[in-house]
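K.L.:
Need the 3D shape of this:
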Amino acid sequence: MKTRLHRPYERKGHNSFGDFVCLKCRNFVSAEALFSGVHHRNHCPYCLSSRHLDLFEAGDRLSACKAVMQPVALTIKRTNKKYCGANRGEIMLVHQCDECGKISINRIAADDSTEMLWTVFEASFNLETIENPLTTQTGITLLAADDRRQLHDQLFGRL
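P.N.:
A predicted model of the protein is given here:
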């Protein structure tokens, strides 16, 4: 009788280390924290899209949807850290599922394309799919044109 070696979570597009192939742009994405600066890589650093895997809370992987989640806006997770400047906080990506419309937020990673983050920010001014009812229900406050300077400083450094 043959015995199978137990292999952690493996399926097409994913391996046991969390690396994956992006559903949208088809680039290989390493989940190595050394590159991304985060321990739980959940979106592509090139096109910033994600996959709808979580149902109730981050990391539960219970969603049956599995569709592509588009980056639609940016928000700031406000912090009360002693040495953090006024109105500063952690930049977060707002994703919306292509299939079911679910909204989620995800922290950006060190290797995310800053140009793509800026593009998402600029495009979010014209949003029609993530109107007030959705953001009100989730409690997410999207970055607006008034936040341009703060975002630029956090992504590219001060001028």
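K.L.:
Longest strand of the protein, counting residues only.
P.N.:
What stands out as the longest strand in the chain, according to DSSP state E, is strand 68-78.
K.L.:
tell me which residues in that one are buried?
P.N.:
Residues of strand 68-78 classed as buried: Val68, Met69, Gln70, Pro71, Val72, Ala73, Leu74, Thr75, Ile76 (neighbour count, 16 or more other CB atoms under 10 Å). Glycine gets a C-beta too; all of them are placed from N, C-alpha and C.
K.L.:
Report the distance from stretch 108-120 to the chain centre.
P.N.:
Averaged C-alpha coordinates place stretch 108-120 at 10 Å from its chain's average position (CA atoms, centre = their mean, to the nearest Å).
K.L.:
Return it as CSV; C-alpha atoms alone will do.
P.N.:
Taking Å, rounded to 0.1, in the frame of the first residue of the first chain, the C-alpha atoms of stretch 108-120 are listed here in CSV:
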residue,chain,number,x,y,z
ILE,A,108,-0.6,47.4,1.1
ALA,A,109,2.7,45.6,0.8
ALA,A,110,6.2,47.0,0.4
ASP,A,111,6.5,45.6,-3.2
ASP,A,112,3.2,47.0,-4.4
SER,A,113,3.4,49.2,-7.5
THR,A,114,3.2,52.7,-6.2
GLU,A,115,2.2,53.8,-9.7
MET,A,116,-0.7,51.4,-9.6
LEU,A,117,-1.7,52.6,-6.1
TRP,A,118,-1.8,56.1,-7.4
THR,A,119,-3.8,55.1,-10.5
VAL,A,120,-6.4,53.4,-8.2
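K.L.:
what's in contact with it?
P.N.:
Residues outside stretch 108-120 that contact it (CB atoms under 8 Å, 6 or more residues apart in numbering): 35-38, 41, 43, 45-48, 71-74, 91-93, 151, 155-156.
K.L.:
Now render the buried residues of strand 68-78 as TSV, adding distance to Leu142.
P.N.:
Conversion of those to TSV gives the following (distance: CB to CB, whole Å):
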residue	distance to Leu142
Val68	20
Met69	16
Gln70	14
Pro71	12
Val72	9
Ala73	5
Leu74	7
Thr75	6
Ile76	10
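K.L.:
Many thanks, have a good one.
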